[in-house]
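1. 3D, please:
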Amino acid sequence: MKFLDIAPLARINSFLDSVDVGDLIVKGDLEAYSCKLAGLDKKLSRSLEEEVVAGSASPSSLSKSPVGPLQEQSSRKTLVYLILTLNHIYPDYDFSLLRAHHFKKEEGVTAIEETIDAHLVEASKVWETTPGFGEEPLLDCLWSSIDEAISLKECDVYSYKSDMESDPFGEKGSVWSFNYFFYNKKLKRILYFSCRGLSKTAVELSVTTDYKYNTDDEGEEVDAATSMANEMDL
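-> Prediction:
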């Protein structure tokens, strides 16, 4: 899959990198990809398709899934695209073991629009007062940019059902999260949008812990270097 560098999306993505909304830090990811596979993605796609079919317990499990009948290659491809997208967005995690039941097909854009808008109310207020961003409301800018990139009327919408343990949505301090895939089969393009509301206390504690860990490592390196120098002097 190829990352698509789309300026309006990149602008919003940079804003959502870390938004202080009071008690929470909002972190978002908004990226679009071409579904043309090459290299490692192509190899992984083939192995995933084979595993999906082989791992199905019965014909009925193949005929019904959130992405469509898994006997059909187009449905298996959709599942592969969802998995590969997560692997690209979150390279520190491995989503290769996910299967169709880990995803949900949403009823449509309208059904999820209210959820997204409600979670971004406070971030929208910050957007308005941030230099270089507040020319138009965040939500207007967001939806027009997404529509321009993916053509919302032609999209199927999916969400990933996090297990809250082995993925980024289960990190400590996570108060709320959402994630959606907008898949345009005609354009062979997928857009992923997620946001997490993280407790500011948990975020600050994590930063402090990381700093202490790194400082301790540096101290150990200095002690080791000093000890080695002393031995050489002897």
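
2. Listing request: residues of this protein with sub-threshold pLDDT.
-> Applying pLDDT under 70 to the chain picks out residues 55-63, 164-165, 206-234.

3. ranges for the helices of it?
-> 7-15, 39-54, 59-63, 73-89, 109-119, 121-129, 138-150, 200-233 (DSSP state H).

4. Out of these, which is the most enclosed?
-> Highest mean neighbour count of the helices of the chain: helix 73-89, a mean of 20 (counted as mean count of other C-beta atoms under 10 Å). Backbone N, C-alpha and C define where each C-beta goes, glycine included.

5. Now do that helix against helix 39-54: the angle between them, please.
-> Per axes from the mean of the first three to the mean of the last three C-alpha atoms, to 10 degrees, the angle that helix 73-89 makes with helix 39-54 is 130 degrees.

6. What is helix 73-89 packed up against?
-> On a contact count with 3 or more C-beta pairs under 8 Å, 6 or more residues apart in numbering; DSSP states H and E, helix 73-89 meets strand 24-34, helix 39-54, strand 156-160, strand 174-184, strand 189-199.

7. Serialize those to a markdown table and add fields for distance to Trp143.
-> Putting these into a markdown table (distance: least, C-beta to C-beta, whole Å) gives the following:
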| stretch | distance to Trp143 |
| --- | --- |
| strand 24-34 | 12 |
| helix 39-54 | 29 |
| strand 156-160 | 13 |
| strand 174-184 | 11 |
| strand 189-199 | 10 |
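
8. Figure out which of the ones you listed is closest to Ala100.
-> For those, the distance to Ala100 is smallest for helix 39-54, at 7.3 Å, taking C-beta to C-beta.

9. Show me what the closest one packs onto, helices and strands only.
-> Using 3+ C-beta pairs under 8 Å, 6+ apart, the elements in contact with helix 39-54 are helix 73-89.
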